[in-house]
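J.: Take a look and give me a structure for this.
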Amino acid sequence: MNGVLETGMEPGAMIPLPPGSDIRFADTPDTKDFSPFAKHILHAIAAGIPGLTYEALTGDLSETTYSSIRAGRIEAKRHIEALQHGVIVYQFCRPVWRRFITML
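T.: From the prediction side, this is the model:
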């Protein structure tokens, strides 16, 4: 065995070990740079969705002013309402209504 586990470890697995053996996990590197990386990824996601701001996606208002967040929210709300009307009303409600009327 040479100190190496020959079976796979899975969540909830009960693996018997020989007496006196222990399990050691690898040391993970420090993640101090993860926050800027995650923020960058969230900015990219928000940029890829039309009408969605980073602040609306994450709720992070740390880098905004009152007037900029208000303008962003008004624009986002307008876009979401148009999307709801275009998708929910035209692609769901109208076909359901037509089917309901034809079944009467």
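J.: Can you tell me which helix or strand of this protein has the lowest average pLDDT?
T.: Within the chain, no helix or strand scores below helix 66-84, which has a mean of 83 by mean pLDDT, DSSP states H and E.
J.: which residues are in contact with that helix?
T.: Residues from elsewhere that reach helix 66-84 (Cβ atoms under 8 Å, 6 or more residues apart in numbering): 50-53, 55-56, 61, 64. Just so you know, the C-beta spots here come from the backbone N, C-alpha and C atoms, and that holds for glycine as well.
J.: any idea how far the residue lying farthest from the centre of the chain lies from Met9?
T.: What lies farthest from the middle of the chain is Pro19; by Cα atoms, centre = their mean that is 43.8 Å. Using Cβ to Cβ, to the nearest Å, we find Pro19 at a distance of 19 Å from Met9.
J.: And Ala44, by the same measure?
T.: 34 Å.
J.: Based on its surroundings, how many neighbours for Gly51?
T.: 15 (other Cβ atoms under 10 Å).
J.: who's in contact with it?
T.: 75-76, 78-80, 83.
J.: Recalculate using a threshold of 7 Å.
T.: Counting by Cβ atoms under 7 Å, 6 or more residues apart in numbering, Gly51 touches 75-76, 79-80.
J.: gap between it and Ala76?
T.: From Gly51 across to Ala76, the span is 6 Å (Cβ to Cβ).
J.: Would you mind measuring from Pro16 to Arg24?
T.: With Cβ to Cβ as the criterion, Pro16 and Arg24 are 18 Å apart.
J.: Might you list the low-confidence residue ranges for this protein?
T.: 1-6 (pLDDT under 70).
J.: quick one, helices of it?
T.: 34-48, 54-58, 66-84, 94-103 (DSSP state H).
J.: want to throw those into TSV with mean neighbour count and distance to Thr28?
T.: TSV is the format used below for the helices of the chain (neighbours: other Cβ atoms under 10 Å; distance: least, Cβ to Cβ, whole Å):
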stretch	mean neighbour count	distance to Thr28
helix 34-48	11	11
helix 54-58	17	25
helix 66-84	12	36
helix 94-103	9	51
